[in-house]
Structures are given as C-alpha cells and as structure tokens.
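> fold the following.
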Amino acid sequence: MIRDVDGWRLVHYEADILSRLPWDAIDLSPLRDLTLGEGKGGDVLLRTNLTEETLVPEPDGGGQLENAKAPGDAGPDNGGDPVDFFFAASHLLDLVPNPWRGRDLARSTFEALLDRYPTESVAANHVFVLEKLRQQIEKERERLSREVIPCSSGVGDDAFLGRGGGSQLQPASRED
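Below you'll find the predicted structure:
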C-alpha cells in the first residue's frame, strides 16, 4: 500500500513504480557485444493491405509489396536512418510506455552495433537485436523497479507497506 492524498491505497505498478523509473539509467552495455549473423537468415517481411497492391516476386522466390521497405531499410520514411527506430520502439511499448524513450533505447543499441557491423548486417539482424533489446530492458526494468520502491524504517508519505508475518501492515524492506 502507499500513502495517498486520501489515506492509504493499493500500489498501481504503472502509476507508482513504472512512472518513476530512471529510464536513462538502463544499462544497454551487454548489447554492444552482440554477435550478429552475416546475412539474412530467413526473416520474412509480411504486410497486409486493404488496397489492390500486388506482390512482386523476388529472385529468391519470396514476395514483397511494391514500394514496401523492410524496417531496416534506409529511406525517407524513417529519416534516412539505416534502421527505423520508431518501428523498433513500437515493439517496446509494452515494456517502455513512452515511445520517445523506446526510440532512444533502440537508437543507442542499433548505433552501437552500426559502429561494429556494416549497415546491411545490422538491418538483416534487426529482429534478433530487437529481441535481445527487449530481454535486456526487461532485466533492467526489474532492477530499476526494485530501486525505485521507497523503503524506509518509518512510514513516510512514499512508504510502501506490505504484510508482515502477522496480519499487520509493515513498511516494506529491501530484503524481501
């Protein structure tokens, strides 16, 4: 429970904990050491549309909509960046509710990889990188959430309470 204007209320994760996370403190350094594959390993871009656009077969037997670009393609739709950071951020919205923060996390991750790998390799592995980014953000979000929960010896305005050994509410401790 947390003390609110009208007294004590149940803790809401999104409002009370997630909103207080220091997103700039997320450690993405393990992602800088990712080993990427050399080519397109079988990722397939599938898009549906309600218009009458037709699929144009590619030489390798796949199909792609005319004028459609993969999320890793540079172009005017994503500001000429080699990776579409907003596309990446859209896959992080369930973890990072602010799309601008998600874009920044995706940008820093992909830019670190672009320093080590050619653009084509990073673009070809964008699904793999996004999955690793999601895993790292989940770990970091859990770690930062534990740090954000205010724990004090006394019951202050921001103290979270939990059930102790009995039925009385007691200040939560970091050892839990």
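> contacts and neighbour counts: CA atoms only from here.
Fine.
> what about residue 5, how many neighbours?
7 (other CA atoms under 10 Å).
> quick one: it from residue 27, how far?
Separation of residue 5 from residue 27 (CA to CA, to the nearest Å) stands at 34 Å.
> one more: residue 88?
With CA to CA as the criterion, residue 88 and residue 27 are 18 Å apart.
> do residue 11 as well
Distance from residue 11 to residue 27, by CA to CA: 26 Å.
> one step back: the more surrounded of residue 88 and residue 27?
With neighbours defined as other CA under 10 Å, residue 88 and residue 27 compare such that residue 88 has more, 26 against 14.
> now the residue nearest to that one when sequence neighbours are not counted: how far from residue 50?
Spatial nearest neighbour of residue 88, excluding adjacent residues (CA to CA, 6 or more residues apart in numbering): residue 106 at 6.2 Å. Relative to residue 50, residue 106 is positioned 30 Å away (CA to CA).
> between the two, which one's more packed in?
Legend: neighbour count by other CA under 10 Å for residue 106 and residue 50, higher for residue 106 (26 against 5).
> so that one sits in a strand?
No: using DSSP: H, G, I helix; E, B strand; the rest coil, the assignment for residue 106 is helix, not a strand.
> in contact with it, which residues?
85, 88-89, 130, 133 (CA atoms under 8 Å, 6 or more residues apart in numbering).
> alright, I will stop here.
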